[in-house]
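Enquirer: Okay, here's the prediction I keep looking at, along with the sequence it came from:
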Amino acid sequence: MKCIALLGMPNTGKSTFFNRFTGASARVGNWPGITIDLLAAKIPLDGQVVRVVDLPGIYDFHGFSEDEKVVRDFLENNRVDLLLIILNGVQLERQLSLALQAQQLGLPAVLLLNMADEAKRAGITVDIEKMAARLKIPVIWVSAKYGEGFKSASTLIAQALSANCPTDPAKLRENLRADDEIEAAMEEIFSESVQMPKTMPKGMTASLDRILLHPFFGLPLFFLVMFLLFQFIFTLGKPMQDGMAWLLSQARTLGLEPLLANLPAWMQGLLLDGIYNGVGTVAAFVPVIILFFLVMTVVEDSGYLSRAAFLMDALMARLGLDGRSFVMLLMGFGCNVPALMGTRIMRSRSLRLLTMLIIPFSLCSARLQVFLFLITAIFTAQAAPIVLFSLYLLSFATALLTAVLFKHRFPSTEPFIIELPPYRLPTTRQIISRAWHEVRHFLKRASKFITFGVVAVWILTHVPSDVPPSSADTLAGHISTLLAPLLSPIGIDAQLSVVLIFGFVAKEIVIGSLAAIYGLEGDSLMGLMAQKLDWVQAYSFMLFTLIYTPCLSAVATLRNESKSYAFMFFSIAWSLLLAWVVCFVFYQGARGLGF
Amino acid sequence: MSEPRLSSLHPGDSAIIRAISAEESLHHRLLALGFRIGKEIHMIRTARFRGPLQVRIGTTEVIMRRCDADKIRVSHQTAQ
């Protein structure tokens, strides 16, 4: 009896084809050489009875899965008269490899392109004759689901069956072995010429891992390391920031003021109090930001972030995320935009969207500037690092809360497998190029968003010109009156609410705007803030700034990466709502407790 | 199937990979990382709270979830 075997990749409709082709008369049979049961059926075809066997779905003949082993064992031990190769006609670019492998092995075959219906709908056409000529195998379209093309397929199969010689299992075994020889040769050359110790020496990486990935201390250590790094940045950054602010104010009094003395008063106001103070106040933070990125570069390149993924995955898995989401969240502490783009490594759309939903809560360096400014102005030097750290914790907390709330909307089964690199120290060159990159990034943003935002805020707070600047009668005053019912319950006053609107464009504008509104910079602006705000108001404002929305570039990136306006608006709406609720609870709670 | 799963190894154990039954994308990922039948694999550590596993194949160290490690069958060799 002649034997036909069905071969194809998983999920190509192979079983559907088998059932239709054999009229569901399948029986489980035993086959030499393999331990697994295969479905087989005897059917009449062109006046003779043939046996049809359904082989497990495989990706290629040299794969390493159990199913691939079954198929190989079957072909190496059983004579087959014809192989029916079933490919998904919609995924030919990927699946054609199986047909080519069969052809190369000299297997007698007919190629069935399944899912003709779907392919037609997708607008895919195939030059059957050209393909058949290239493969030297008959090719035909079928639709296993609807039975389309079965009659001509049967005729073609019967023709091929009488024309072809059966396979020679022994020869096939030889051929497959020849293919395996590359693998064997690789193995051989490797073992002959490369010396490897039986067990890798317990190097620095293994010792460090023993401490940093310790089952009990690993996670607390990670947070301690992060805390110390922030402490380091803050302590070292403060004098640099002061120095920069001093330089900028010297440049103003010694250079710019005499230079612009002849301009009209409003022009002087716009240029000096508006643009120069605004951009200058932001620029004072550049040294700290550079320091931040230097430290982050060291952490990133050291391989510690992958360890963080390992430590956090158990928790992240329960939140519907994985260790990579956590690493992206950490990257977001630099800037949300590259972190959002970094989610491209995830294949599952749900996992990607959920990760993109939480990244905007990462306390990015732009928000860090706002916090550094307000914390320095309002809190003592002892309290400052703790306040900043609490904002980082809240940044995590809001991200994780968001994941918990929405994980069922974005279910995913994406495997989590990543390589763990050995610990490395970044080179000086890497560090310098990173710092330079950040400076350039700042200058780019300064030339676009920040200057624009600062000018806009200055105009809003100084028009009309016959009323006192930033009073209730200016444009800004009108806007903040509108927002007051919403923002006064969370302790945010009129001037600050205007600032928040522009903070939507870029968080760097927030401090620049304050400078533009009050016409002050550096220490004097800080002094004024300390007078105007108590710590509860300041903290509430910082909370709102942290949560309410990522900047415009992040929003645009969200849209581009998700390809969905709905998702983008959903993300903005959710952050705004969460920000308001968190601030309301904090502000009213703190006031209720008598602070 | 009598062969144990990779996820059943204890830290310090070594084993030989016997079979991998994963879907295509995972399969290719594993191949790229050097997971092949007949290769020796070492379990280095497991994270707490049923977190991921850290394993080594040759010189490559990999972290993977238990559910993915379940798809890999190994023949057990106890720690030397």
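Expert: Yes, it's here. Residues are numbered from 1 along each chain as shown, chains lettered A, B, ... in the order given.
Enquirer: what ranges do the strands span in chain B?
Expert: B:14-20, B:40-46, B:53-57, B:60-64, B:72-77 (DSSP state E).
Enquirer: residues in contact with the residue nearest the centre of chain A?
Expert: Central residue of chain A (C-alpha atoms, centre = their mean): residue A:343, 1.1 Å from the mean position. Residue A:343 sits next to A:325, A:328, A:352, A:355-356, A:359, A:561 when contact means C-beta atoms under 8 Å, 6 or more residues apart in numbering or on different chains. Bear in mind the C-beta positions are built from the backbone N, C-alpha and C, glycine included.
Enquirer: buried ones in the strand or helix carrying residue A:589?
Expert: Under the criterion of DSSP states H and E, residue A:589 resides in helix A:565-592. If you call a residue buried by 16 or more other C-beta atoms under 10 Å in any protein chain shown, then helix A:565-592 has these buried ones: A:567-568, A:570-572, A:574-575, A:578-580, A:582-583, A:586-587, A:590.
Enquirer: Nearest to residue A:489 among the residues you listed?
Expert: Set against residue A:489, the nearest of the buried residues of helix A:565-592 by C-beta to C-beta is residue A:587 (7.2 Å).
Enquirer: Distance of that closest one relative to chain B?
Expert: 35 Å (C-beta to the nearest C-beta, to the nearest Å).
Enquirer: Correct me if wrong: that residue contacts residue A:489.
Expert: Yes: the pair residue A:587 / residue A:489 is scored as a contact, 7.2 Å apart, by C-beta atoms under 8 Å.
Enquirer: In contact with the residue in chain B positioned nearest to chain A, which residues?
Expert: Closest contact between chain B and chain A, by C-beta to the nearest C-beta, is at residue B:51 (3.1 Å). Counting by C-beta under 8 Å, 6+ apart, residue B:51 touches A:310-311, A:313-314, A:317.
Enquirer: Looking at the residues you listed, spot the one nearest chain B.
Expert: residue A:314 (3.1 Å).
Enquirer: which bits of chain A sit near chain B?
Expert: Taking C-beta under 8 Å from any C-beta of the partner chain as the test, the list of chain A residues beside chain B reads A:9-10, A:59, A:63-67, A:69, A:196, A:200, A:209, A:213, A:215-216, A:306, A:309-311, A:313-315, A:317, A:322-323, A:347, A:415-422.
Enquirer: Quick one, which of those residues are buried?
Expert: A:9, A:59, A:63-67, A:69, A:209, A:213, A:306, A:309-311, A:313-315, A:317, A:322-323, A:415-418, A:420.
Enquirer: Mind pulling up the pLDDT for the residue nearest to the centre of chain A?
Expert: Residue A:343 carries a pLDDT value of 80.
Enquirer: what about it, distance to residue A:356?
Expert: 6 Å (C-beta to C-beta, to the nearest Å).
Enquirer: Name the residues contacting each of these two.
Expert: Common neighbours of residue A:343 and residue A:356 (C-beta under 8 Å, 6+ apart) are residue A:561.
Enquirer: Now the residue of chain B positioned farthest from its centre: closest residue in space that isn't a chain neighbour?
Expert: Each residue of chain B has a distance to the centre, and by C-alpha atoms, centre = their mean the biggest one is for residue B:49: 18.5 Å. Leaving aside its chain neighbours, residue B:49 sits nearest to residue A:314 (4.0 Å; criterion: C-beta to C-beta, 6 or more residues apart in numbering or on different chains).
Enquirer: OK, contacts around that neighbour?
Expert: With C-beta under 8 Å, 6+ apart, residue A:314 has these contacts: B:47-52.
Enquirer: which bits of chain B sit near chain A?
Expert: B:19-27, B:29-31, B:33, B:35-37, B:44-45, B:47-52, B:54, B:56, B:58-65, B:67-68, B:73.
Enquirer: Buried ones only from the residues you listed, please, as a PyMOL command.
Expert: Here is the PyMOL command that selects only those of the residues of chain B next to chain A that count as buried (16+ other C-beta under 10 Å):
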select buried, chain B and resi 19+20+21+22+26+27+29+30+33+35+37+44+45+47+51+52+54+56+61+62+63+64+65+68+73
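Enquirer: buried residues in the longest helix seen in chain A?
Expert: The helix spanning the most residues in chain A, taking DSSP state H as the definition, is helix A:218-250. For helix A:218-250, the neighbour count (16+ other C-beta under 10 Å) marks A:218-219, A:222, A:226-227, A:230, A:233-234, A:237-238, A:240-241, A:244-245, A:248-249 as buried.
Enquirer: Sweet, I'm off.
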